[in-house]
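[1] fold the following.
(one chain, ligands or ions: 1)
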Amino acid sequence: MHIYFCGSIRGGRQDVEVYQRIVKKLQTYGKVLTEHVSHAEVSEKGEDAVLDGDKAIHDRDVEWLASSDVIVAEVTQPSLGVGYELGRAVAMNKRILCLFRPSSGRVLSAMIRGADCRTESSVFKVLDYTEEEVEVILEKYFGELTKN
Ligand SMILES: O=c1[nH]c(=O)n([C@H]2C[C@H](O)[C@@H](COP(=O)(O)O)O2)cc1CO
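    Now for the predicted structure:
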């Protein structure tokens, strides 16, 4: 299974440790195409874009998105890039799980919370969670997914 993980980079790296926990668990279910999002060395500046630039990052990520079986996004730290990826993924009829931590004190965008739905061709799910239960949440989600 190819998994695309979305998490904030230029939107702020405050949650990178949670991303690491999520990616580690996701790797037990398949190949995480965007493992770099969880790397502590990737700063708020983004990947070392000097080599190929932002266009290369964008085009590579849209290709990975298209080739993925499921998208998992940690959406607590607001990020334009993550919002964009989710919009593109919806247009591609992908299966999407968004994870949000209400304990952050933030209120999730209506454009993400309000997108929660199931249609014939796709499923967009938003789950609230606490950091301690993140592995269990993913176990439940992927347990259901592999059943269907
Ligand atoms: O260097 C990067 N590499 C990269 O893969 N991304 C993608 C993956 C992340 O899920 C998302 C983060 O967007 P943002 O940087 O706007 O927070 O965009 C974003 C950047 C920097 O914008």
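[2] show me the helices in this protein, by range?
    Ranges of helices within the chain are 16-26, 53-67, 80-91, 110-113, 134-147, based on DSSP state H.
[3] Throw those helices into a markdown table and include mean neighbour count, thanks.
    The C-beta positions use only the backbone N, C-alpha and C, and glycine is treated the same way. Formatted as a markdown table, the helices of the chain follow (neighbours: other Cβ atoms under 10 Å):
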| stretch | mean neighbour count |
| --- | --- |
| helix 16-26 | 19 |
| helix 53-67 | 13 |
| helix 80-91 | 17 |
| helix 110-113 | 13 |
| helix 134-147 | 14 |
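[4] can you list the residues of this protein near the ligand?
    6-11, 34, 37, 46-47, 57, 61, 79-82, 85 (Cβ under 6 Å from any ligand atom).
[5] is it correct that Arg88 is in contact with Val62?
    Yes: between Arg88 and Val62 there is a contact at 6.3 Å, judged by Cβ atoms under 8 Å.
[6] nearest residue to Leu33 other than its sequence neighbours?
    Leaving aside its sequence neighbours, Leu33 sits nearest to Trp64 (Cβ to Cβ, 6 or more residues apart in numbering; 4.3 Å).
[7] revised request: answer the last question for Val134.
    Using Cβ to Cβ, 6+ apart and skipping the chain neighbours, the partner closest in space to Val134 is Arg21 (5.6 Å).
[8] from Arg118, how far out is that neighbour?
    Applying Cβ to Cβ, to the nearest Å, the value for Arg21 to Arg118 is 27 Å.
[9] going by proximity to the ligand, name the top residue of the protein.
    Gly81 (1.9 Å; Cβ to the nearest ligand atom).
[10] show me the contacts for that residue.
    By Cβ atoms under 8 Å, 6 or more residues apart in numbering, the residues touching Gly81 are Cys6, Ser8, Ile9, Arg10, Gly11.
[11] and those residues, which of them are buried?
    Neighbour-count burial (16 or more other Cβ atoms under 10 Å) applied to the contacts of Gly81 gives Cys6, Ser8, Ile9, Gly11.
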